[in-house]
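Peer 1: A structural model of the following input is requested.
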Amino acid sequence: MSLDAGTAVRVRAMRAEDVKPLAQTLGWPAYGINRRWEESLAGHRELFVADADDRPVGAVSINEREEHPGFLHLFALDVAEPFRRRGIGTQMIAHVEDEARTRSHSGVYLEVSTDNVLARRLYERLGYAQDGVPFLNSWNVYDADGSVSDEIVETVVRLVKRFDRAT
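Peer 2: Down below sits the predicted model:
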């Protein structure tokens, strides 16, 4: 699975019928993506997918959080391994930034593991800067049946991109 030169990639709102193909492309149990989908239906996140070759190959989530008014929260950005380093993540980030501007937000923020050097490099190249000191964050990993199989606790750093009034 790779993208041919010139393959069009588009970012769009996720639909229910994307759950299984996205999980398959990412190599995840469908439960993991379906859980995100259900969270979007409940209003806890908005989900977008990146399509390439007429199938979803990546996803990103956003929400608005009271503790960071005026900023859109970008999280859970995933691109299937065979499609990485082809600009898909960058396109999804640009889509989130456009969404933030459409909503008249001041910028976008995210948390990224301090160990995730490649992701940090990408975000910094796109104008994101560290805001504050690293802190602990935790999240659950689920089995195919929906039970929690592990809790991940990692040190993360918040990165923020503030928009100029002119952008």
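
Peer 1: show me what contacts E46?
Peer 2: Taking CB atoms under 8 Å, 6 or more residues apart in numbering, we find E46 in contact with A13, S40, S61, I62, N63. (Glycine included, C-beta is placed from N, CA and C.)

Peer 1: In strands only, show me those residues.
Peer 2: A13, S61, I62, N63 (DSSP state E).

Peer 1: hmm, which of those are the buried ones?
Peer 2: S61, I62 (16 or more other CB atoms under 10 Å).

Peer 1: want to throw the ones in strands among the contacts of E46 into JSON lines with pLDDT?
Peer 2: Formatted as JSON lines, the ones in strands among the contacts of E46 follow (pLDDT from 0 to 100):
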{"residue": "A13", "pLDDT": "97"}
{"residue": "S61", "pLDDT": "98"}
{"residue": "I62", "pLDDT": "98"}
{"residue": "N63", "pLDDT": "97"}
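
Peer 1: just the ones in strands among the contacts of E46 now: which is nearest V79?
Peer 2: S61 (13.4 Å; CB to CB).

Peer 1: I'd say the closest one and L72 touch.
Peer 2: No. Counting by CB atoms under 8 Å, S61 stays clear of L72, with 10.7 Å between them.

Peer 1: Sketch out the low-pLDDT regions of the chain for me.
Peer 2: The model of the chain has pLDDT under 70 over residues 1-7, 165-167.

Peer 1: any chance you could map the helices in the chain?
Peer 2: Counting by DSSP state H, the chain has helices at residues 19-26, 30-41, 88-102, 117-125.

Peer 1: so who does Y109 touch?
Peer 2: H68, F71, L72, H73, L74, D131, R158, L159, V160, K161.

Peer 1: how close does the first one get to A144?
Peer 2: When you say that, I think you mean H68. Separation of H68 from A144 (CB to CB, to the nearest Å) stands at 34 Å.

Peer 1: more crowded one of those two?
Peer 2: A direct count of neighbours by other CB atoms under 10 Å for H68 and A144 places H68 higher, at 17 against 12.
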